[in-house]
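> what would the 3D arrangement of this be:
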Amino acid sequence: MTTSSPIPAEMITALRDDPVLFVETVLQATPQKWQAKALRAIAKHDKVAVKSGHGVGKTAFESWVVLWQLLTHYPTKVAITANSAHQLSDVLWTEIDRWARNMPQPFKDLLEFKSDKIALKEAKDSFAVARTSRRENPEALAGFHSPNMMFVIEEASGVPDVVFETASGALSTPGSKIIMCGNPTRSDGYFYDAFHADRERWHCITVSCREGEYVDPKFIGDMAEKYGEESNVFRVRVLGEFPTQSDDVLLPLHLIEDATKRDVEAGPTTPVVWGLDVARYGGDRSALCKRQGNVVVEEIKTWQNKDLMQLAGIILAEYDVVPYRMRPEAIYVDAIGLGAGLADRLRELDLPAVAVSVSESASLKDRFNKLRDELFWSCREWFEARDCKMPEDDTLISELSGIRYKYLSTGKLKVESKDEMKKRGQRSPDVADAFVLTFAGQGAVAGGYSRGYNSNRKLKPSTNWIV
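Numbers count the residues shown, from 1 in each chain. Have a look, this model is predicted:
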């Protein structure tokens, strides 16, 4: 603290030694048991990693740590990072501001708040700053030095490894403290290694939703019922454990989760396409996905127990309510079963419906068993490019991360079918199939036109799998 501080030095010393006391007296908050444990760990250890389920209070905890460091250490610099500007500005920065307002006036008067920086007044060498960490901007944590340096890394699983590599010099500064928090979505990377290969260098804490004093038990029960307690979604979002990753999983959970946290926008002229998977059985769902380039524009919608005419009316209503610039260039409909008839009816309604027979041969016949396998692989490549965005749609995340694949004796790749998934206790991946259908008009599998559709939009010539 600066020499001009109105706060007695002995009080600052007591608060610096006991962050729990700081939270209780200065911020007027009562930490949960796990939060108190983590606060004490930060006072004692230089490297602390916290993995947890959803909604346990990580953001409040990080906010307390930032304010504690700024107000009880001098000089100090706090570098705060996450893999998205939303997570920093709309979530963590807002939470810090909220708790700062709870402080007694003498403490409030010590700080100056800006959009991406909190500074200790009359002290140019003491501040907290927010920097977004992206693969294309790996210098987010580089170049920071202070006798009391602190790094706070939010949603650490989603921060690219290249950011840690670039910041290795700053992170290794003697006396610096590093706090990493996040949902453990990846079974590799810097955050994962802190709990495994590098565990001896870190003080590791795991917080289950069952330890969160304010987590609704109904959330835990709903997650268990919806995904199963053995699922990766339950492990990550409830237990705070890293996913178990089999070699035959088509899409690792972390690739999908990362796409929910990126700041990506589609260009205004980028075409929109829809994918429509049509239910064939009573328990299955008809699902509609809307994608504009690298962005899934909204959560996937589902309907059950709708006949062909009802579903046609629903899709027509969806088409009519969207702005003209967001109307789809094509609506790719799974042509198996009722889908072919639905595509015909949508074309009669003058919608750009394209019936896609996913059971036909792939365009790359030497690589894929069927067209469905090729579309799923295109979906995987979309995520692997790491420049895409989708809503935090729990159903889509669960279905995509649960799909397996194998190689046949012919060397061709085969994605497991709906029936195969049901045999091992998984729900039919109707939502995932709707999403995957949006890839039917791009890349190696591009093509098709819709018979009877009288729009000025032009689709590419048909291939053997579009009917």
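> where do the helices sit along the stretch 1-150 of the chain?
9-17, 19-25, 33-44, 58-72, 85, 93-100, 105-108 (DSSP state H, counting those that start in this stretch).
> using a markdown table, lay out these together with distance to residue 121, mean pLDDT and mean neighbour count.
Any C-beta I mention is one placed from the backbone N, CA and C, and that applies to glycine too. Output for the helices of the stretch 1-150 of the chain, formatted as a markdown table (distance: least, C-beta to C-beta, whole Å; pLDDT from 0 to 100; neighbours: other C-beta atoms under 10 Å):
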| stretch | distance to residue 121 | mean pLDDT | mean neighbour count |
| --- | --- | --- | --- |
| helix 9-17 | 15 | 88 | 14 |
| helix 19-25 | 19 | 96 | 20 |
| helix 33-44 | 24 | 96 | 18 |
| helix 58-72 | 11 | 96 | 24 |
| helix 85 | 26 | 82 | 16 |
| helix 93-100 | 13 | 92 | 18 |
| helix 105-108 | 11 | 91 | 13 |
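> out of the ones you listed, flag the one nearest residue 177.
Of all these, the one in closest proximity to residue 177, counting by C-beta to C-beta, is helix 33-44 (6.7 Å).
> same list (the helices of the stretch 1-150 of the chain) but as TSV, adding distance to residue 360.
Below are those laid out as TSV (distance: least, C-beta to C-beta, whole Å):
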stretch	distance to residue 360
helix 9-17	68
helix 19-25	62
helix 33-44	53
helix 58-72	47
helix 85	43
helix 93-100	51
helix 105-108	67
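> the ones you listed: which one's closest to residue 406?
With C-beta to C-beta, the closest approach to residue 406 among these belongs to helix 58-72: 37.7 Å.
> now the angle between helix 93-100 and the closest one, please.
Angle, helix 58-72 to helix 93-100, by axes from the mean of the first three to the mean of the last three C-alpha atoms, to 10 degrees: 60 degrees.
> only alpha carbons, please: show helix 58-72 as CSV.
Provided in CSV are the C-alpha atoms of helix 58-72 (Å, rounded to 0.1, in the frame of the first residue of the first chain):
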residue,chain,number,x,y,z
LYS,A,58,-15.3,-19.4,-9.2
THR,A,59,-15.9,-15.9,-10.5
ALA,A,60,-16.6,-14.5,-7.1
PHE,A,61,-13.5,-16.2,-5.7
GLU,A,62,-11.3,-14.7,-8.5
SER,A,63,-12.8,-11.3,-8.0
TRP,A,64,-11.9,-11.5,-4.3
VAL,A,65,-8.3,-12.5,-5.1
VAL,A,66,-7.8,-9.6,-7.5
LEU,A,67,-9.0,-7.0,-5.0
TRP,A,68,-7.1,-8.6,-2.1
GLN,A,69,-3.8,-8.5,-4.2
LEU,A,70,-4.3,-4.9,-5.2
LEU,A,71,-5.2,-3.5,-1.8
THR,A,72,-2.8,-5.5,0.4
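> contact partners of the least confident helix or strand in the chain by mean pLDDT?
In the chain, no helix or strand scores lower on mean pLDDT, DSSP states H and E than helix 168-171, which sits at a mean of 73. By C-beta atoms under 8 Å, 6 or more residues apart in numbering, the list of residues contacting helix 168-171 from outside reads 79, 141, 142, 143, 144, 145, 149, 151, 164, 176, 178.
> now do whichever helix or strand comes after that helix, average pLDDT.
With elements assigned by DSSP states H and E, the helix or strand that comes after helix 168-171 is strand 177-182. For strand 177-182, mean pLDDT is 94.
> how about residue 73: what's its closest non-neighbour residue?
Using C-beta to C-beta, 6 or more residues apart in numbering and skipping residues adjacent in sequence, the residue nearest residue 73 is residue 148, 4.1 Å away.
> for that neighbour, give me its contacts.
The contact partners of residue 148, taken as C-beta under 8 Å, 6+ apart, are 69, 73, 74, 75, 76, 77, 175.
> of those, which is the most crowded?
Tallying neighbours with other C-beta atoms under 10 Å puts residue 69 at the head of those, with 24 neighbours.
> was I right about that one contacting residue 76?
Yes: using C-beta atoms under 8 Å, residue 69 is in contact with residue 76, at 5.7 Å.
> re the thing from before, which one of the helices of the stretch 1-150 of the chain lies closest to residue 259?
helix 85 (15.5 Å).
> which outside residues touch that closest one?
Under the contact criterion C-beta under 8 Å, 6+ apart, helix 85 has outside partners 132, 263.
> widest-spaced pair of the contacts of residue 148?
74 and 175 (13.7 Å).
> sorry, back to before: tell me which of the helices of the stretch 1-150 of the chain sits nearest to residue 311.
helix 85 (38.6 Å).
> where do the helices sit along the stretch 351-467 of the chain?
Counting by DSSP H, counting those that start in this stretch, the helices of the stretch 351-467 of the chain are 371-384, 394-401, 418-423, 430-437.
> give the contact list for residue 15.
Here residue 15 is in contact with 21, 22, 25, 26, 68, 71, 72 (C-beta under 8 Å, 6+ apart).
> mind redoing it with 10 Å?
1, 7, 21, 22, 23, 25, 26, 68, 71, 72, 107 (C-beta atoms under 10 Å, 6 or more residues apart in numbering).
> and those, which is closest to residue 199?
Taking C-beta to C-beta as the measure, residue 199 lies nearest residue 68 of these, at 25.4 Å.
> the closest one contacts residue 25, correct?
No: if you go by C-beta atoms under 10 Å, residue 68 and residue 25 don't touch, sitting 11.3 Å apart.
> shared neighbours of these two, anything?
By C-beta under 10 Å, 6+ apart, residue 68 and residue 25 have these common neighbours: 15, 18.
> list buried residues within the contacts of helix 168-171.
79, 141, 142, 144, 149, 151, 164, 176, 178 (16 or more other C-beta atoms under 10 Å).
> make CSV out of those residues and add distance to residue 264.
Putting the buried ones among the contacts of helix 168-171 into CSV (distance: C-beta to C-beta, whole Å) gives the following:
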residue, distance to residue 264
79, 24
141, 22
142, 24
144, 27
149, 32
151, 26
164, 22
176, 32
178, 28
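> nearest to residue 262, out of the helices of the stretch 1-150 of the chain?
Residue 262 lies closest to helix 85 among the helices of the stretch 1-150 of the chain, at 9.7 Å (C-beta to C-beta).
> related to what we said a few turns ago, the helices of the stretch 1-150 of the chain: which one's closest to residue 335?
Relative to residue 335, the nearest member of those by C-beta to C-beta is helix 85, separated by 41.4 Å.
> show me how far the closest one is from its chain's centre.
Between the centre of helix 85 and the centre of its chain there are 13 Å (C-alpha atoms, centre = their mean, to the nearest Å).
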